[in-house]
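Trainee: Take this sequence and fold it.
(chains A, B, C and D)
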4 protein chains.
Amino acid sequence: MLTEIKGINEECGVFGIWGHEKAAELTYYGLHALQHRGQEGAGVVVSDGTSLKIHKDTGLVNDVFKQANFSDLAGKAAIGHVRYSTQGDKGYANVQPLLFHTQQGSMALAHNGNVMNAFELRGELENEGSILQTTSDTEVLAHLIKRSTKADKEEAIIDALQKLVGAYAYLIMTEDRMYVALDPRGIRPLSIGRLGDAYVVASETCAFDLIGATFEREVLPGELLTISDDGVESTRFAMREQRRMCAMEYVYLSRPDSDLNHVNVHASRKRMGMELAKEAPAEADVVTGVPDSSISAAIGYAEQMGLPYEMGIIKNRYIGRTFIQPSQELREQGVKMKLSPVRRIVEGKRVVMIDDSIVRGTTSRRIVRMLKEAGAKEVHVRIASPSIISPCYYGIDMSSKEELIAANNTLDELCDQIGADSVAYLSENGLEQAIVKDKTIHQGICTACMTGKYPVKKEKESTISYSKS
Amino acid sequence: MLTEIKGINEECGVFGIWGHEKAAELTYYGLHALQHRGQEGAGVVVSDGTSLKIHKDTGLVNDVFKQANFSDLAGKAAIGHVRYSTQGDKGYANVQPLLFHTQQGSMALAHNGNVMNAFELRGELENEGSILQTTSDTEVLAHLIKRSTKADKEEAIIDALQKLVGAYAYLIMTEDRMYVALDPRGIRPLSIGRLGDAYVVASETCAFDLIGATFEREVLPGELLTISDDGVESTRFAMREQRRMCAMEYVYLSRPDSDLNHVNVHASRKRMGMELAKEAPAEADVVTGVPDSSISAAIGYAEQMGLPYEMGIIKNRYIGRTFIQPSQELREQGVKMKLSPVRRIVEGKRVVMIDDSIVRGTTSRRIVRMLKEAGAKEVHVRIASPSIISPCYYGIDMSSKEELIAANNTLDELCDQIGADSVAYLSENGLEQAIVKDKTIHQGICTACMTGKYPVKKEKESTISYSKS
Amino acid sequence: MLTEIKGINEECGVFGIWGHEKAAELTYYGLHALQHRGQEGAGVVVSDGTSLKIHKDTGLVNDVFKQANFSDLAGKAAIGHVRYSTQGDKGYANVQPLLFHTQQGSMALAHNGNVMNAFELRGELENEGSILQTTSDTEVLAHLIKRSTKADKEEAIIDALQKLVGAYAYLIMTEDRMYVALDPRGIRPLSIGRLGDAYVVASETCAFDLIGATFEREVLPGELLTISDDGVESTRFAMREQRRMCAMEYVYLSRPDSDLNHVNVHASRKRMGMELAKEAPAEADVVTGVPDSSISAAIGYAEQMGLPYEMGIIKNRYIGRTFIQPSQELREQGVKMKLSPVRRIVEGKRVVMIDDSIVRGTTSRRIVRMLKEAGAKEVHVRIASPSIISPCYYGIDMSSKEELIAANNTLDELCDQIGADSVAYLSENGLEQAIVKDKTIHQGICTACMTGKYPVKKEKESTISYSKS
Amino acid sequence: MLTEIKGINEECGVFGIWGHEKAAELTYYGLHALQHRGQEGAGVVVSDGTSLKIHKDTGLVNDVFKQANFSDLAGKAAIGHVRYSTQGDKGYANVQPLLFHTQQGSMALAHNGNVMNAFELRGELENEGSILQTTSDTEVLAHLIKRSTKADKEEAIIDALQKLVGAYAYLIMTEDRMYVALDPRGIRPLSIGRLGDAYVVASETCAFDLIGATFEREVLPGELLTISDDGVESTRFAMREQRRMCAMEYVYLSRPDSDLNHVNVHASRKRMGMELAKEAPAEADVVTGVPDSSISAAIGYAEQMGLPYEMGIIKNRYIGRTFIQPSQELREQGVKMKLSPVRRIVEGKRVVMIDDSIVRGTTSRRIVRMLKEAGAKEVHVRIASPSIISPCYYGIDMSSKEELIAANNTLDELCDQIGADSVAYLSENGLEQAIVKDKTIHQGICTACMTGKYPVKKEKESTISYSKS
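Mentor: Coordinates of the predicted model:
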């Protein structure tokens, strides 16, 4: 993932399992598969039927769990979380799952998405005398549940969920129940599967593949599942609305091997490349993609065009958090960082450079220049999705509107700014074609960031000042 | 790289720079680009004209250098090394460069390759009263130079090099000189480039690209270069012989963006895939490659066949040294490790699975089974190089002959053992076609491990018991 | 300190400073001086007048603060805490200060002591819909303050403090105020001092000495101080009662260089030794003390008896948390851990061994045997305080009554069990003489653990099941 | 130890054991007891009869061994080393034991002391073609042994030892032998003991006490012991000369519980204090010592004078390598570091401050000022050894002559400079009285640094430029 240079950041992944002796360990592997959704923190809460135990910390899944002692995390149910964070501080308190102990029992929560009215809800809770420890939406839900007048836990959860506005996938666990909730529009992805007799839930199906589980079905918009030793029960807490799965999940965020709403991500990306080739062919010698997320689209584009796909840009695999950034001086002398051009591939060639999206345009400009310096005769930039022109309020951390290059420039200006010989985007219709191959199954996508049409209305701008989880 | 599950392990990469204010820092970036050639240790020795300073440790380049203070490593010349090691111990002493101080001056050495008569040479040195600190070939050369009766350093180095039998690329640095030596057959890769007024040397050209240097030429077989503030001088210490660049560098070891002897690695791999398609076509629906090293060949195969290339196998990017291996029990329940199949891609399909080579066959068997369990109707294994049947004595750590599946089985037996529907290898001729596209430039390759024809004869089996660097 | 082998464990130290540019840094040094009061965690919260920032973690003060960036902790006011914990888990959440953010402002708390009715108070809070994050008394106070109906913060704090039963020293900080509160009996130590224009507060005066501050006065029982840029204001929130400073602070817990209620700890210990010599002289050749806390008493005993004080037992200074405990086998073969006898000092001698207290007796037994094996002819154990027979409910983690050797054995039995030639304790009167040298100043001490006379009645046994802070 | 503020630094401690199943583990405990002799590095080499294995690293014993796996260090014989280093670099190579592998066998060496002609010997070795890896004396001996023409190992060692000039205690181990050598004057301490059937050797007897071993005898000056499964054999490699044990070992360097040449260190220090009281009594109210090394002398002084010994200066126990030094600004405001005065003890009093030695005088000045600021009416400095006026060439790292305050000032000037009301040193005769209580046993001490009379003549000044081990 090119997260730091792109300006699109996924916020979190969730995983849960009920009914397996190795619940905590399998959660570790599940979170591993979801690592691309958040690299700032990870954690697990496990239930052994009588109490909840937690292990979490800032850092990558491997770093967090190398300190875990799985024999201290015995239990047949677990929920886990990987976290992306925009905050600079250590933020241990904000790492999820959050775990709350009361004299009546414990409750753990893990969350992917954004609650748009979190600020207002928090203010109301504080006025009633509550103290919230974190700045996360997740804790707001916990307090709403605690304060609900409903005696039954499930009813209290529904009561609380109905106060939320936004996009969310929640896992909630008590000693003897796991609750799974998806927002009324189903903007965030969430699937349920089986591993033998056990139930598993995950943000992406790649987590099922890693542990050998089989996909059962998508969690439905506005659905609350209650999993216990008696099996799974389903309730609706919101009106049935048309699903609006986030399009950026297909374009950029999810892993190519995941299926979202029955559509494989790699396959959809390849179709985006094919559609793009139909809409915006280029006179060129080779097609190359920006690794890693644009490779599928680049191959699709090349196949459709009958042009050779080549590895014209390489990504350095070993860059980690300890990488020493080159000084400005060395950068000007030509020291590269994540991406290097492959001179012998691009030299003297007309190159089609496929990228999945453009946010601020700085990366594109850098890559185009790099290819030209390596001898490319022409560079034709083709973007395998429509231009991003509007911020996301549903849990993806994007640059503000002022920074979005496509929101503030014509296509010609943009082409000029990034130094390309031509630029073209995939159309909204092309994107839909590529993703929603079968209307009966897929229903619809959220393209708010590309169209400004928001399926859920936000109440207040102020919500953005809070960190989302 | 799939090093640990494959059984082929590159041994080391070297990098040197002369005449740049930021010599140590650029060496860090150069080693970064060579990281795939050795992940066990890294180091740099820098000269400020009057003394040599060292920074090295076990671990990845980033880990080693995050503790470095570049202001302590001031100087305009530097050599660096990344190390692969078969040894279990901490092995700090064996991390290179090796640095030797005497009352007359200092000398640092970095080495890639294997000296086949190291054991005998060491015995002679010890008989004369010397003590060697490491088990590396590199130290043997240092002692041979120290003991040479030639007064002139260059002559002493030639004197010492002429005692060596094997494949090697050596960088040797004193306070005021850098010496660069390649074995008489040129089995190991080594190139020289320019960065402004500075000279750079590296095992692979990808290191030049990362720092913005330009490729000048290959170091020639049997050539000794002496770099100083007066420029570069070239001498021959061995008879001119036909170059025999290691074929496995193209097949598997080098980075796809490197050029070896003027041939781009990715491009050669793609041609291997194309040749393979001509030699061994398969009736199939999709082509997939084992990531990362077989992707280029798979794309070539697909292009040649007119079949779609798909991402049927995914590699988990975040697996690092802290990864907790799943227990046997969990593995049996289906928990994957490095590679996962993409069910929706392979389900119900006849799949061509391209791999670059097979060593012991265990990985191939695992991948074939994984694909079948994910629903592949047929799996046709195509290997983009000839079968490996003989050990390497030139610096690549391969399994012993007993473990090489192709050395001990017919193609049918092998197909049976890995559970494939068909298996085919690229022919030796096909490999040559793919690599040596232009005979005048390229001269020849070493295919000893595939043919048993060794261009340099080893003296004794005993050499293998020593670690190579 | 011999905390782990003794079974008496101090619980926490607090430090605060108001009005100094280097507030966080001075808090670091202050906590350093208080390190003996808690080694499990440390933290600081600093106020820059508009917001509160926190740095805390598990571990020793040095370990926690080596990761701190003091430039991120700018501000003129700070409170800090060192924590002792009985809990096995990582317990980051329980490390203090606790920091609470609300939309109206923030509040930080640090606490030494034990709130005996914390369990009941917590239950009431939860019934009203609150969620508490930690198991500490400190958070209970924060919630009581938040829920108080008083609009004025000071009144809300008094309101909340009046609900507490127990022994406590609290530091509470908001953006613009620091509140300092001591329990109505003054069982826990707390002093106030000056450093130039700044105010400082600390559990022990040794923290003042380290930073060059001067002692001003003790915080009074039942007093609430409000420190702001306008100076210090004092209020009483409880009836004036006779002070009952914990006697164990003098006997064992505090640092010898601290003054508690105007009495120097080392000097009081020396007097305990002198009183003990008067009450229980021994026919002996040398006097030795168990390092470190019994050295003062041993010197006093020797001086009073006219016997030579010798270093008959040595403590290994370098034992830290990474020390590898000898196996049972090696221990039986004689491998020592913290303490070693000095053979040449004790061989053939009649030794008086001074210890400050006996809890379970296991340490005493081990030391007596060690001295005898090193050749001591006789070992006369003299304890410089009365026997411990009753648990503490005021913040010291002692063994339960069943484990207290003196509560379950006659003096003869005890002498027999530890293998001494004679044993004697200091009388309660002797202890008072040694500590309360001047009745007008000192008022009184709490000797509940030695006498069973509890100055504050606990409401319920259940409080003990909670961790104290 | 106050090493960093004092300017006297011990160089290394050695430990060996032969014939115990837990050789490596016991070496760990032995090195633990010797930790005060070197905090920069530690290591062990173990022999299982057929090969030698090593574990060593920079850092404290605990830090180094927490990474050790004792099951990887199986064997019945081991030698270990703790190292003090003046060098700034990581210096892993210089950490001992040094281990050398040759095709004929292996050899490990550990060393305490200084070889004065190491530079010349090294030059000779290099001229003969040898390469030395470290800058330590220890490696020189290894090369001398390797180059000896004697076929028998013991004879080769004697051959090599006879070339050395200086003070040294060497442990040398091969697969089947341990050799123990002490310099001809016996300047450095070295004792031999028994642990059941096993033999143990250590720089100080405190290492025997910790592991439950019993002292057997001192290794004699010029003696070479050969320990094997056949027992111990003794040879002389030098003429019998009067022993000259380093006086500073008693004064400052050794642990108080060690016996050196049958004299207990604490007891000798107490006698130094007593002699000092006889020679230089002071009109005063209290006696205090600079912790830790001067406490014994202070108690002796107090006993002899009939004055109370008090804890007037306290040392902060928790200062470790991660301690954040106070800025100049904070130091000027009064923030203390290692030592704090105890105001209530010294206020208004005439204080005798006992220290064991003065090197540069900076620490003494600081402590005197600290005591006066804490209210001491008078401060009388009494030093429990003669003044240091000359450098040490036998393995103790002292300041150069220019920095030695006593070498460049009269007593009055010194008194003035450190701000004391009076200063007095113990006489050379008084020191001898205190140490050499029984001439028949003890023979003699080296007081070169106090008298300039060197028992072994150095050959060349140049030796000092090398690090000693």
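Trainee: so where's the stretch 251-400 of chain A shaky on pLDDT?
Mentor: For the stretch 251-400 of chain A, applying pLDDT under 70 flags the ranges A:317-323, A:399.
Trainee: So which residues of it form strands?
Mentor: Counting by DSSP state E, counting those that start in this stretch, the stretch 251-400 of chain A has these strands, from start to end: A:259-260, A:263-264, A:286-289, A:313-315, A:339-341, A:350-355, A:378-383, A:397-398.
Trainee: for those strands, which one sits closest to chain C?
Mentor: For those, proximity to chain C was assessed by C-beta to the nearest C-beta; strand A:397-398 is nearest, at 21.3 Å. (C-beta placed from N, C-alpha, C; glycine too.)
Trainee: what lines up beside the closest one in the sheet?
Mentor: Partners of strand A:397-398 in the sheet, by DSSP bridges, are strand A:8-9 (antiparallel).
Trainee: I'd like to check what contacts the following helix or strand past the partner strand. Which residues are they?
Mentor: Sequence-wise, the next helix or strand downstream of strand A:8-9 (DSSP states H and E) is strand A:13-18. Identification of contacts with strand A:13-18 by C-beta atoms under 8 Å, 6 or more residues apart in numbering or on different chains yields A:23, A:26-27, A:30-31, A:34-35, A:37-38, A:76-82, A:110-112, A:169-171, A:173, A:178, A:180, A:190, A:195, A:198-204, A:207, A:227-228.
Trainee: So for stretch A:197-210, first residue to last residue, what's the gap.
Mentor: Distance between the boundary residues of stretch A:197-210 (C-alpha to C-alpha, to the nearest Å) amounts to 17 Å.
Trainee: If you could redo that for stretch A:69-81, that was the one I meant.
Mentor: End-to-end distance of stretch A:69-81: 18 Å, with C-alpha to C-alpha as the criterion.
Trainee: how close does A:L99 get to C:I131?
Mentor: Distance of A:L99 to C:I131, given as C-beta to C-beta, to the nearest Å: 11 Å.
Trainee: which one of the two has more residues nearby?
Mentor: For A:L99 versus C:I131, neighbours defined as other C-beta atoms under 10 Å in any protein chain shown are more numerous around C:I131 (23 against 20).
Trainee: quick one: contacts for that one?
Mentor: Counting by C-beta under 8 Å, 6+ apart, C:I131 touches A:100, A:102, A:130, A:142-143, A:146.
Trainee: same deal with A:K53?
Mentor: A:45-46, A:72-73, A:75.
Trainee: Give me the buried subset of the residues you listed.
Mentor: Buried members of those, counted by 16 or more other C-beta atoms under 10 Å in any protein chain shown: A:45-46, A:73, A:75.
Trainee: Give me the subset of the residues you listed lying in strands.
Mentor: Of the positions in these, A:45-46 sit in strands, assigned by DSSP state E.
Trainee: restrict the buried ones among the contacts of A:K53 to those near chain C?
Mentor: Checking the buried ones among the contacts of A:K53 against chain C by C-beta under 8 Å from any C-beta of the partner chain, not one of them is in range.
Trainee: Let's have the strands of the stretch 251-400 of chain A in JSON lines, adding distance to B:L414.
Mentor: Formatted as JSON lines, the strands of the stretch 251-400 of chain A follow (distance: least, C-beta to C-beta, whole Å):
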{"stretch": "strand A:259-260", "distance to B:L414": "34"}
{"stretch": "strand A:263-264", "distance to B:L414": "32"}
{"stretch": "strand A:286-289", "distance to B:L414": "34"}
{"stretch": "strand A:313-315", "distance to B:L414": "33"}
{"stretch": "strand A:339-341", "distance to B:L414": "37"}
{"stretch": "strand A:350-355", "distance to B:L414": "38"}
{"stretch": "strand A:378-383", "distance to B:L414": "43"}
{"stretch": "strand A:397-398", "distance to B:L414": "50"}
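Trainee: on that earlier part again, can you tell me which of the buried ones among the contacts of A:K53 is nearest D:K163?
Mentor: In terms of C-beta to C-beta, no member of these lies closer to D:K163 than A:L73, at 62.4 Å.
Trainee: pretty sure the closest one is touching A:H55, no?
Mentor: Yes: the criterion here is C-beta atoms under 8 Å, and A:L73 meets it with A:H55 at 6.1 Å.
Trainee: Overlap of the contact sets of the two?
Mentor: What both A:L73 and A:H55 touch, as defined by C-beta under 8 Å, 6+ apart, is the set A:24, A:44.
Trainee: now check stretch A:151-164, is it near chain C?
Mentor: No: contact of stretch A:151-164 with chain C (C-beta under 8 Å from any C-beta) is absent, the minimum separation being 11.3 Å.
Trainee: Enumerate the positions of that stretch that are buried.
Mentor: A:153, A:156-161, A:164.
Trainee: quick one, domains of chain A?
Mentor: When chain A is parsed with automatic domain parsing, its domains come out as A:3-241, A:263-450.
Trainee: Tell me which of the contacts of C:I131 fall in strands.
Mentor: A:100, A:102.
Trainee: check the contacts of C:I131 against chain C, which are close?
Mentor: A:100, A:102, A:130, A:142-143, A:146.
Trainee: which one of those is nearest D:G375?
Mentor: Distance to D:G375 across the ones next to chain C among the contacts of C:I131 (C-beta to C-beta) is lowest for A:S130, with 52.4 Å.
Trainee: Now the closest one: closest residue in space, sequence neighbours ignored.
Mentor: A:H143 (5.4 Å; C-beta to C-beta, 6 or more residues apart in numbering or on different chains).
Trainee: Report the contact partners of that neighbour.
Mentor: Taking C-beta under 8 Å, 6+ apart, we find A:H143 in contact with A:125, A:130, A:132, C:129, C:131.
Trainee: What of A:K457?
Mentor: A:V165.
Trainee: Look up which helix or strand it falls in, please.
Mentor: Under DSSP H and E, no helix or strand contains A:K457.
Trainee: ok, then the element right after whichever strand in chain A runs longest?
Mentor: In chain A, with assignment by DSSP E, the single longest strand is strand A:105-115. Note on strand A:105-115: by DSSP H and E, the next helix or strand toward the C-terminus is helix A:118-127.
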